[in-house]
Each structure stands twice: as C-alpha cells, then as structure tokens.
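In: Mind looking at a prediction? Sequence and model below.
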Amino acid sequence: MESKLKIQYIDENLKKNIPPFDANLGFGRHFSDHIFLMEHTDGRWQNPRIEPYKNISFPPSAMTFHYGQGIFEGMKAYKRNGELFLFRPQKNLERMNNSARRMVMPTFDNEEVLEAIKTLVCLEKDWIPDLKGYALYIRPTMIATEPCLGVRPSNSYLFFCIVGPVGAYYPKGFNPVDIYVCEKYVRAVRGGVGEAKAMGNYAASLLAQREGQTYNCSQVLWLDGVERRYIEEVGAMNIFVRFKDELATPALLGSILPGVTRDSVLKIARDWGLTVNERQISIDELIEGVKSGSVLEVFGVGTAAVISPVGRLVYQEQNYTVGDGKTGELSQKLFDYITSLQIGLEKDKFGFVEKIDEAAILEKISKSLGGVLPAHLKKKELILNHSEPTSLFL
C-alpha cells in the first residue's frame, strides 16, 4: 500500500442499531457501521481507509459488470470474555491472492490487509456476538472498476471489506441437510476457475440449486465436469465421506476450491488417528456405500456452516438416507471441537486461532494523536460528540 491506513469514524447519530444476537439473526443480513476500502491504480494499491459503510457507485461501463473480474473471501471473527479471535486468516488471504492471480487481478500484501481487517474488527467489536455458534462474518472483495468495454484485464480495481454478525448458516441450524446430486449441470472443470473463489462460480450454481429445491434439498452435490462420475463440492462447501475404514474427501485436482475448513478438518482428523484420504470418490461408490451401510456419514465443511451433516441424498429421482438420517458422531465431534477452538475454549495445538492484539491497535491510534488515546477508545466504545466524522491515521 502506498499510504498508511486512514480511519474515519461514523457520526454517532448515523450509527445503526445492532440486531439482537438470537435465533432470528440469520446469516448475511446485517452489516456494521464501517467498511475498509483501497484502490489499485497506476500499478499499486493506494488510499487504504476505513470509513462509514456506504453504497459504492460505478459507471455502467465498469469492467466487472461485463467481464466478471470479481473475487471474494469469507472469514470470521469471534469474541469471548472481551477478547477477539480470528480463525486462520492468513490462509484465507493467501487463497484470495491465488484467486487474484487466476483472474489476472492484482495481488496485495497479506500482512497489511490483515492489519486493516483486524482494525475494522476492533472498531466493530460491539457487533461481535459473544456466543458459541455466532460470529462476525468478514467479506473481503475485489472487483474490476475501469470504465471500458474490451475483453482484457482491467487497469483499475477496488478492494473492500464489510463485516456483520451472523448466526447459523442454515435456518434449521446444526442439523442434517438434504442434498440434490446434479447430473445435468457442472460447477467447474479442470483448467477453469473452480479452484478460485470467483463470483461467477456462484452465479453458475444457482439454476441447479433451484432444481434441487423442487426435491426439498438445500444444497447441490456437484459431479466432475468431464465424466459426470466423481463427486466434487456440495453447494459452497467441500464434502467429506466417512466410510467404515476411512475418512475421504475429493482430491484437489484443479476444479475444487481448496477450503480452509477442509484443510483444518484434514489436520484434525489425522491428529485424532483417523485414516484420511484425499482421492476421487465416484457417485456410484457413494450411493452403494449409503445403501450397504459402509458409508457411516457425509458432511460438508466451510467457513459459513463450519460442519454441515447430510441426512439425505437425492440421486436420479431416488432418495437415499445417510446412516440413520441424523447427525453423525464424527460430524458432531468436529463441529463441537472447531467451534470451541475458534473462541478459545480448546487448546490450539495447531496454531489455527489468532488472537487480535487490540491494545496494540489502539496504541497505534494513540500515537497518531500525539500519544493521547481518547476516552471513548479507552473504554473501547466509539462515541462521538462531533457533527462530522473524525479522521484518524495509523
């Protein structure tokens, strides 16, 4: 980044009401008071800043609207006893840079962006639920902004990050979901952009998801794009199959997003002594295993839902109940362990959890103001007595 992070606090009178942290909170419906932004022009990232949440305006000719240069990430922040935690944020930012390379977009400095995200999280501390199963969802995004019609990489980009409190991803909470196996459409092919977190991947999934809803299924299980034989992802998650003698997940062969939660489950399961394999799993093997009982459980994994047990598969107009249709033993154990790990209730032997040094961030603000930290920041409250926002610099 060319310049230091600028912070502009929202006027107290314009602050939103923080929603109740209860079963009605939902996922992705509420957004906090501030947003982080920076632009990439003249070959470098410039003007990094945190300012009041607002609408973003672009000309209709902005290239993201026409040629799909757009990527994003999903992360979470957690709070327990007033302390703030992030779960493997570096892995998410590394993956976002990998997505940027694949989409011919500029990369960024992971440490500088992470510092900005930590600052944003600290500013929005009151928006973080102090409850297990709840979190502050973090959505870093990058889009092409050059006003031009021409099929080529854009010469300018916007990076922004918004945050908001979330509860369970599915309305039913942590309960088994029903999955529709799609044969008609494919999500991605090797050599394409399936391993990038590109916006278009999700748009391409919507038609199959709508068809799945006719079978009362909440997600789609994708098959490979060549043979339509091997399972790949389930909805916006990676998938795991627990056989009697192994825990298996599809290998990363270029069409599957390398999930951070996927990687975490692999490490945890191996540490627990399970036989874990990353390999191709055919839909025939899966269905036959469900029918014979050699498949004990199936579950999706991802940032949003963490662990999502599968109760039923719909394949070729037939229903297949996984196990007894209830949450499997391993699914429950992983969910309990990871969600406890994320808020500091479990010893972090893997180095997954990063505690935010809130005092260090506030100290940087203090130094920028001549060594005096305003009283409202000492109390970790953002209270203003100004008619206009106050600008601070880090």
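Out: Cool, got the structure. Bear in mind the structure is a predicted one, so any value in this text is a computation, not a measurement.
In: any idea how far Y180 is from C122?
Out: As for C122, its distance to Y180 is 41 Å (criterion: C-beta to C-beta, to the nearest Å). Every C-beta, even on glycine, is put in place using the N, C-alpha and C of the backbone.
In: ugh, wrong one, I meant L86
Out: Taking C-beta to C-beta as the measure, L86 falls 34 Å from Y180.
In: same check, this time on M96
Out: Separation of M96 from Y180 (C-beta to C-beta) stands at 29 Å.
In: So which of the two has more stuff around it?
Out: M96 (26 against 23; other C-beta atoms under 10 Å).
In: Quick check: chain neighbours aside, which residue is closest to that one?
Out: E73 (4.6 Å; C-beta to C-beta, 6 or more residues apart in numbering).
In: Can you verify my assumption that that neighbour contacts Q90?
Out: No. Judged on C-beta atoms under 8 Å, E73 makes no contact with Q90 at a distance of 11.5 Å.
In: Which is the succeeding secondary structure element to the host helix or strand of E297?
Out: For E297, the host element (DSSP states H and E) is strand 295-302. Downstream of strand 295-302, the next assigned helix or strand under DSSP H and E is strand 306-315.
In: quick one, that following strand and strand 295-302 angle?
Out: Angle of strand 306-315 versus strand 295-302, following axes from the mean of the first three to the mean of the last three C-alpha atoms, to 10 degrees, is 120 degrees.
In: residues of strand 306-315 that come out buried?
Out: 306-315 (16 or more other C-beta atoms under 10 Å).
In: Listing partners with orientation, what would you give for the next helix or strand after that strand?
Out: The helix or strand immediately downstream of strand 306-315 is strand 318-321, counting by DSSP H and E. As defined by DSSP bridges, the strand partners of strand 318-321 come to strand 306-315 (antiparallel).
In: Quick check: mean pLDDT of the strand it pairs with?
Out: Average pLDDT, strand 306-315: 96.
In: quick check: domain ranges of this structure?
Out: What automatic domain parsing lists as the domains of the chain is 6-167+357-393, 177-342.
In: Give me whichever of these is most buried.
Out: Of all these, domain 177-342 carries the top mean neighbour count, a mean of 19, counting by mean count of other C-beta atoms under 10 Å.
In: tell me how far the ends of it are from each other?
Out: End-to-end distance of domain 177-342 (C-alpha to C-alpha, to the nearest Å): 23 Å.
In: Next: stretch 318-332.
Out: Counting by C-alpha to C-alpha, you get 27 Å between the two ends of stretch 318-332.
In: Contacts for that stretch, please.
Out: Contact partners of stretch 318-332, identified using C-beta atoms under 8 Å, 6 or more residues apart in numbering, comprise 174-176, 242, 247, 269, 287, 290-291, 295-299, 307, 309-314.
In: okay, and the helix or strand of this structure with the least pLDDT?
Out: One helix or strand of the chain scores below all others by mean pLDDT, DSSP states H and E: strand 391-393, with a mean of 44.
In: and Q209, that's in a strand?
Out: No. Assigned with DSSP: H, G, I helix; E, B strand; the rest coil, Q209 falls outside any strand and is helix.
In: Quick check: closest non-adjacent residue to it.
Out: V220 (5.3 Å).
In: hang on, F87 packs against M75?
Out: Yes. The pair F87 and M75 qualifies as a contact (C-beta under 8 Å) at a distance of 7.4 Å.
In: what's the spacing between the residue nearest to the spatial centre of the chain and S294?
Out: The residue lying closest to the centre of the chain (C-alpha atoms, centre = their mean) is G74, at 1.9 Å. Distance, G74 to S294, using C-beta to C-beta: 33 Å.
In: now do G68
Out: Going from G68 to S294 by C-beta to C-beta gives 42 Å.
In: What of K347?
Out: Taking C-beta to C-beta as the measure, K347 falls 34 Å from S294.
In: Then P129?
Out: The gap separating P129 from S294 is 40 Å, by C-beta to C-beta.
In: And for W222?
Out: 23 Å.
In: Give me the pLDDT for Y169.
Out: Looking at Y169, its pLDDT stands at 87.
In: Name the residues that touch whichever helix or strand E111 is part of?
Out: Element membership of E111 [criterion: DSSP H and E] is helix 110-123. Helix 110-123 is contacted from outside by 1, 5, 7, 9, 33-36, 38, 48, 50, 75, 77, 84, 86, 89-90, 93-94, 97, 128, 136, 138, 140, 159, 161, 163, 356, 358, 361-362, 382, 394, using C-beta under 8 Å, 6+ apart.
In: Downstream of that helix, the next helix or strand is which one?
Out: Using DSSP H and E, the helix or strand that follows helix 110-123 in sequence is strand 135-144.
In: pLDDT averaged over the helix or strand following that following strand - what is it?
Out: Sequence-wise, the next helix or strand downstream of strand 135-144 (DSSP H and E) is strand 157-166. If you average the pLDDT over strand 157-166, you get 98.
In: ok, now stretch 19-32?
Out: In this model, stretch 19-32 has a mean pLDDT of 95.
In: Quick one: end-to-end length of that stretch, please.
Out: Terminal residues of stretch 19-32 are spaced 10 Å apart (C-alpha to C-alpha).
In: which stretches of the stretch 201-350 of the chain form helices?
Out: Along the stretch 201-350 of the chain, the stretches classed as helices by DSSP state H, counting those that start in this stretch are 206-213, 260-271, 283-292, 329-342.
In: Check for me that K172 belongs to a strand.
Out: No. K172: not assigned to a strand; according to three-state DSSP it is coil.
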